[in-house]
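Trainee: fold the following for me, if possible:
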Amino acid sequence: MTTFAPGTNGTLKSTSYEAAFLEAAQILELAEEGSLTPTTVNFTDVSFNNAQKTADITINLPVTLAISSTDGSVRISGDAYVTPTFANGGGSVKSDTLPEAVLEIAQFLQSLEIATSDAANNVNVTYNSEQRFAAITASLPAVKSVSADGSIKITVTPYLP
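Mentor: Residues are numbered from 1 along each chain as shown. From the prediction side, this is the model:
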């Protein structure tokens, strides 16, 4: 399990990066559904495949690109196109907004998959600098259960060391 530190009083509560990614993506999708923008935004889709036992995430996240005048490095950050309340918590995530946090966590997971031999390729992030978006796709192992109060609970199964 890749330990995720949610911090103190942060929006995210998960304790693994895999679960934090699903949590952040689901909050982002809910924020889009409640968006007060003039047009409906639907950049995020989170679904659950019972047969495959996966939580599937597809996001076309608007991004901002900035080139440093000091060293020429390129910084890519998620646009704050929806502004739900997001508290960083001071843990593993360094981002200040939910779209930035989603991109940060997805990129972290993809980087860890690449660095880990024989790791599943569950998270993919590609950037389109012309159109200014990050295409994020993920298929995370997940199980569904029914809580004592009757609510449905989806739990991501950690797959990275």
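
Trainee: paired strands for the helix or strand of the chain with the lowest mean pLDDT, with orientation please.
Mentor: Lowest on mean pLDDT, DSSP states H and E among the helices and strands of the chain sits strand 74-78, with a mean of 92. Strands that pair with strand 74-78, judged by DSSP bridges, come out as strand 54-67 (antiparallel).

Trainee: which residues sit against the strand it pairs with?
Mentor: 21-22, 25, 28, 43-49, 73-79, 81, 99, 102-103, 106, 127, 129, 132-142, 154, 156 (C-beta atoms under 8 Å, 6 or more residues apart in numbering). Every residue, glycine included, has its C-beta placed from N, CA and C.

Trainee: try 7 Å this time
Mentor: Under the criterion C-beta atoms under 7 Å, 6 or more residues apart in numbering, residues 22, 25, 43-49, 74-79, 81, 99, 102-103, 129, 132-142, 154, 156 lie in contact with strand 54-67.

Trainee: how about low-confidence regions in this structure?
Mentor: Within the chain, the stretches with pLDDT under 70 are 35-40.

Trainee: before we move on, the earlier item: kindly export the least confident helix or strand of the chain (C-alpha atoms) in CSV.
Mentor: C-alpha atoms of strand 74-78 as CSV (Å, rounded to 0.1, in the frame of the first residue of the first chain):
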residue,chain,number,x,y,z
VAL,A,74,7.4,23.9,-17.5
ARG,A,75,4.8,23.8,-14.8
ILE,A,76,1.4,22.2,-15.5
SER,A,77,-1.4,22.7,-13.0
GLY,A,78,-5.0,21.8,-13.0
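
Trainee: for that strand, buried residues please.
Mentor: 76-78 (16 or more other C-beta atoms under 10 Å).

Trainee: quick check, nearest of those to E113?
Mentor: Using C-beta to C-beta, I76 comes nearest to E113 of those, at 18.8 Å.

Trainee: for that closest one, what are its contacts?
Mentor: With C-beta under 7 Å, 6+ apart, I76 has these contacts: 63, 65, 127.

Trainee: what's around L61, how many residues?
Mentor: 25 (other C-beta atoms under 10 Å).

Trainee: need the contacts of I76 in TSV (columns: neighbour count and distance to S16).
Mentor: Conversion of those to TSV gives the following (neighbours: other C-beta atoms under 10 Å; distance: C-beta to C-beta, whole Å):
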residue	neighbour count	distance to S16
V63	20	25
L65	11	30
Y127	18	25
